[in-house]
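Engineer: below is the sequence, then the predicted model.
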Protein chains: 2
Amino acid sequence: MRVTVLGAGYMGSAMATVASRRGHEVRLWGTWLDDALLNACERGEPHPRLKLVLEGIALFRSGALASALDGAELVIHAVNSDGSVPVMTKAAPFLPDVPVLSVTKGLLESPVTKRMDRIDVVLREHMPKGPGPLRFVHAGGPAKAMEIARRVFTWMQFAGPADAARLCAGALEGEGLVVSTSEDLAGAELCSALKNAYATGLGLWDGHVGANAHDARAACFTQAIAEMQRFVAAAGGRPETVHGPAGVGDLHVTAAAGRNRLFGERVGKGTRAREVAAQMAAAGELTEGYPAIATAMRFARERGVRPLPLLEMLHAVIWEDADVGTSLAHFRLE
Amino acid sequence: MRVTVLGAGYMGSAMATVASRRGHEVRLWGTWLDDALLNACERGEPHPRLKLVLEGIALFRSGALASALDGAELVIHAVNSDGSVPVMTKAAPFLPDVPVLSVTKGLLESPVTKRMDRIDVVLREHMPKGPGPLRFVHAGGPAKAMEIARRVFTWMQFAGPADAARLCAGALEGEGLVVSTSEDLAGAELCSALKNAYATGLGLWDGHVGANAHDARAACFTQAIAEMQRFVAAAGGRPETVHGPAGVGDLHVTAAAGRNRLFGERVGKGTRAREVAAQMAAAGELTEGYPAIATAMRFARERGVRPLPLLEMLHAVIWEDADVGTSLAHFRLE
């Protein structure tokens, strides 16, 4: 199968590696921000973020989008949420009528309703009409790029129209990667968008309490699952999605390690969120949890999702400079 | 309120500390195995396991069970599951008709059906009839003794008859301890009994894969939740209990740290389970996960709970000496 991966960053290069190992003809297209990454790969060096040499994968620069997509039978969308609209509107004229598997996680503002919405909804509103409807499949579940590229046992959930989701699963599963499919695109996208926000919360307790905050972390985890279920219900998704790999699974991996948890931990120790975010950005570390808390709160207010005591507390601490100690002390489950 | 705690170990002394801080008159009764712990407390030293001095708590030796229970308005049952039947049959003649809040987690063999069953069911079958029915409330949720005693934010769930559960919650909540109540005693007890077994599974991947097994751990966590839901359904419990503090919450804390996860990790590194268990027992470290896997498997076979691919794989590795690497490689989600 000819597989084109859009976005040559951490997750894009990992998905390209997985696809290549399944015997597909893989093309990895880099955005205008990915030149340095592709330079290293072209010199035969390991991908600078994935730390693996990409073998048997054709590399395409940002100007070669049309040829990268020519004849593709499966497209993997792996640019970050900010890049989704610019990349996909550029890609639209060349996009074949094939499934688009998206590993991108987040919420975007709709140009029509001006509300925060799912990425697939916003992309459809932005993209000029192509030869068919956008056959969008969302890849949820606990899948760290480094680990799927190294064949660590991983459970992903592909959510979208049944035939498209099954095609994507059949193309990629194997060698430690297990893929289940679901038609609950709304539920899976919401879970993926919310996990960075809630993972920050677990870090907050770590930072504030110190080493022995296991009970607080677990309480926070449980409350996050309850609040994610309220979000998913409001978005028309199904509760079982929250209790599966895209929800509980991805929250587990995000809360156990990674930048969003670390961001929360530093704020929990007493540094203001905007300073921590600036420090992490200066060190080249993306902190998706920082904007994710704001977009999740906006989505909730626009749709009347409630009660959300944990998200509200996180928003107060991270975006309204509320005192961490006081906020945690007054936090009430609901 | 007069509160009597049965069992002066780690969790019993922590619950006594919590009750004492709420202003109750607290009596802590030690079993015939707790003499060394009570000796230290009587000398004014910190409790040897909890590492805190017990203040304002009356201590009772094993021979003084009748006077420890005299006039109690709430009884907290905090002996381990093996000790439950001997202690409660001894206590029965002196037990007032008040709620018994049990922090004990596990499954026991019924003397009537000879099947594995919930602790409250088996206690009722063993205990001579008292002045009223046993008003049993199970305390589930992520609550480490050390952390509740130190006022770390903790969410417990008390499950049992509504009036009894609410009485227990009202007596103990406050100062960081949040208690929700539920009537799903079956679901809460099953969750508490299963979490040690499944936490061992997460450790197995840690040991086998090494440091970067986040995806595998999260997949295992998600599968554990799915299997726990099958157990709870077979026991007549409710799915929401699995998705709340007694299920997902307690599994989170148990899988993040502690002896059961460590037991799994050592087995995952290649040492046979019975050797690891013997080493940990020699070091005075209880590994509840070891017998918990066997009792959970027996419960499942006796009731026809299936599919349980994760528990079956754990049972094969831990109790049937199956090779870890081969077992993990052939593991299939279902």
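Structural biologist: On my side now, so go ahead.

Engineer: quick one: strands adjacent to the helix or strand where residue A:156 lies?
Structural biologist: Element membership for residue A:156, per DSSP states H and E: strand A:154-159. Sheet pairing of strand A:154-159 (DSSP bridges) gives strand A:136-140 (antiparallel), strand A:177-182 (parallel).

Engineer: following the shortest one, which helix or strand comes up?
Structural biologist: I take that to be strand A:136-140. helix A:145-149.

Engineer: any chance you could list what contacts the strand holding residue A:156?
Structural biologist: With contact meaning C-beta atoms under 8 Å, 6 or more residues apart in numbering or on different chains, strand A:154-159 is reached by A:101, A:137-143, A:147-148, A:165, A:168-169, A:176-185, A:187-189, A:241, A:244-246, A:249, B:215-216, B:218-219, B:222-223, B:333. Heads up, the C-betas are built off the backbone N, CA and C, glycines and all.

Engineer: let's see 6 Å
Structural biologist: Contacts with strand A:154-159, where a contact means C-beta atoms under 6 Å, 6 or more residues apart in numbering or on different chains, come from A:137-141, A:143, A:148, A:165, A:168-169, A:177-182, A:184-185, A:188, A:245-246, B:215, B:219.

Engineer: ditto for stretch A:257-269
Structural biologist: Here stretch A:257-269 makes contact (C-beta under 6 Å, 6+ apart) with A:196, A:199-200, A:202-204, A:206-208, A:255, A:273, A:276, A:285, A:287, A:289, A:324, B:214.

Engineer: hmm, the helix or strand residue A:227 falls within in reach of chain B?
Structural biologist: For residue A:227, the element it lies in under DSSP H and E is helix A:214-234. Yes - under the criterion of C-beta under 6 Å from any C-beta of the partner chain, chain B is reached by helix A:214-234 at A:214, A:215, A:216, A:218, A:219, A:221, A:222, A:225.

Engineer: neighbours around the first one, how many?
Structural biologist: Counted by other C-beta atoms under 10 Å in any protein chain shown, the residues lying close to residue A:214 total 24.

Engineer: which residue packs closest to it, ignoring adjacent ones?
Structural biologist: Spatial nearest neighbour of residue A:214, excluding adjacent residues (C-beta to C-beta, 6 or more residues apart in numbering or on different chains): residue B:253 at 4.8 Å.

Engineer: is that neighbour part of a helix or strand, or is it coil?
Structural biologist: In three-state terms, and counting by DSSP: H, G, I helix; E, B strand; the rest coil, residue B:253 is helix.

Engineer: what residues does the stretch 201-334 of chain A put near chain B?
Structural biologist: Within the stretch 201-334 of chain A, the positions lying close to chain B (C-beta under 6 Å from any C-beta) are A:209, A:212, A:214-216, A:218-219, A:221-222, A:225, A:243, A:245, A:248-249, A:252-253, A:256-257, A:333.

Engineer: residue A:111 in helix, strand or coil?
Structural biologist: On the basis of three-state DSSP, residue A:111 is classed as coil.

Engineer: with adjacent residues omitted, what lies nearest to it?
Structural biologist: Distance criterion C-beta to C-beta, 6+ apart; nearest residue to residue A:111, sequence neighbours excluded, is residue A:125 at 5.4 Å.

Engineer: show the model's pLDDT score for the most centrally placed residue in chain A.
Structural biologist: The centroid of chain A falls nearest to residue A:105 when counting by C-alpha atoms, centre = their mean (2.6 Å). In this model, residue A:105 is scored at 94, pLDDT.

Engineer: number of nearby residues for the closest residue to it other than its chain neighbours?
Structural biologist: Among residues not flanking residue A:105 along the chain, residue A:192 sits closest, at 4.0 Å (C-beta to C-beta, 6+ apart). Counted by other C-beta under 10 Å, the residues lying close to residue A:192 total 28.
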